[in-house]
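Trainee: Please work out how this folds:
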Amino acid sequence: KDRATERGFCNAGASLTLARAGLHFWEEPCISTYGGSGAVFFSGCTLKCIYCQNDKISRGHTGKEITEKRLREIFDELIDQGADNINLVTPSHYADKIAEALSKEKLPVPVVYNTSAYEKAETLKMLDGLVDVYLPDYKYASSDLAKRLSFAPDYPETAFAAIEEMFRQRGSYTLDEDGLLTSGVLIRHLVLPGFIENTLDVIDRITSRFDDTQVLFSLMSQYTPPKKELSIPSLNRRLTEEEYSRTVDYLYLSGFENGFVQELSSAKEEYTPDFDLSGV
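Mentor: From the prediction side, this is the model:
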């Protein structure tokens, strides 16, 4: 589609649209410390996950249109507030405009590209040298499940190819003296209640390609049921301790020791901020 005249599948138009920009303190410890991560939330999304917690901005039209010049100003404002990095959240459908904003001058803090990984490797190539840290999800190893839950049957292959390109660009991760990730790839996976086998398959796929000296892996337990009732019963409840423990044990048995797990009670309301246009 021509986004100048019609919104795309990602629900975005031709202009950059932001829902919020501010310091965010609830990322992995290597992403945000006392300074917080300078999170910039873009409106729209390339996926249609039925359990999305951010559907106000991923599917709705919440957001304010801005210019590339204003985006760069927002980066500088967050850095002035003490941000550890600039964290671009759900940025894929604006990659060209983000590249333009980043290409003016190198920022004094790392740039983090926080994505579902459902994007073409060719798109990522325009960010080569501009992004320091890639923070992709790897949601599904099953095409059937990806279609059922996110309307994206090609997700497993597309996302894995995208992660391969991210690793090609940044190589093995590096941490600074404070333990902050300054370069590399941190792969996230949200464990879904009732779909533990998918998580085990995801771990198999990641660990068959990478080891824990190359990429970091974050196994997340923070699934929160959406307010609306879903047709899949297990997605209307939280993860059980038995489910999450099984995935953590499997991850450790895979040999991945450098990464992150969560307390089962870690799902908190502040993880999802108000998309009130603050900072935009």
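Trainee: contacts, neighbours, all on C-alpha from now
Mentor: Noted.
Trainee: Show residues contacting stretch 105-125.
Mentor: With CA atoms under 8 Å, 6 or more residues apart in numbering as the test, stretch 105-125 has contacts from 46-47, 79, 84-92, 95, 130-139, 155, 158-163, 165-166, 182-183.
Trainee: Likewise for stretch 67-75?
Mentor: By CA under 8 Å, 6+ apart, stretch 67-75 touches S15, L16, A21, G38, I86, K97, I98, E100, A101, L102, G279, V280.
Trainee: The same query, at a cut-off of 10 Å, please.
Mentor: Stretch 67-75 is touched from outside by 15-18, 21-22, 38-40, 76-77, 79-80, 83, 85-88, 97-105, 107, 109, 111, 279-280, with contacts defined as CA atoms under 10 Å, 6 or more residues apart in numbering.
Trainee: and what of stretch 234-242?
Mentor: 50-51, 191-196, 221-230, 263-265, 267.
Trainee: just checking, which of the contacts of stretch 67-75 belong to strands?
Mentor: L16, T17, L18, A21, G22, G38, A39, V40, I86, N87, L88, V111 (DSSP state E).
Trainee: farthest pair in the residues you listed?
Mentor: For the ones in strands among the contacts of stretch 67-75, the farthest-apart pair by CA to CA is T17 and V111; their separation is 18.7 Å.
Trainee: Which residue comes closest to L145 once chain neighbours are left out?
Mentor: In space, and not counting its chain neighbours, L145 is closest to P153: 7.6 Å by CA to CA, 6 or more residues apart in numbering.
Trainee: dump the residue contacts of the one you found.
Mentor: If you count contacts by CA under 10 Å, 6+ apart, P153 has them with Y140, S142, S143, D144, L145, A146, K147.
Trainee: List just the nearest of these to E27.
Mentor: Once CA to CA is applied, the member of the contacts of P153 that ends up nearest E27 is Y140, at 21.1 Å.
Trainee: Can you verify my assumption that the closest one contacts A146?
Mentor: Yes - between Y140 and A146 there is a contact under CA atoms under 10 Å: 5.9 Å.
Trainee: Least confident secondary structure element in this protein?
Mentor: Using mean pLDDT, DSSP states H and E, helix 55-58 stands out as the lowest-scoring helix or strand of the chain, at a mean of 70.
Trainee: now the helices for the stretch 151-280 of the chain?
Mentor: Under the criterion DSSP state H, counting those that start in this stretch, the stretch 151-280 of the chain contains helices at 155-170, 196-209, 241-253.
Trainee: Highest average neighbour count across those: which stretch is it?
Mentor: Ranked by mean neighbour count, the helices of the stretch 151-280 of the chain are led by helix 155-170 with a mean of 20 (mean count of other CA atoms under 10 Å).
Trainee: other SSEs contacting that one?
Mentor: Under the contact criterion of 3 or more CA pairs under 10 Å, 6 or more residues apart in numbering; DSSP states H and E, helix 155-170 touches helix 121-125, strand 133-136, helix 143-150, strand 181-190, helix 196-209.
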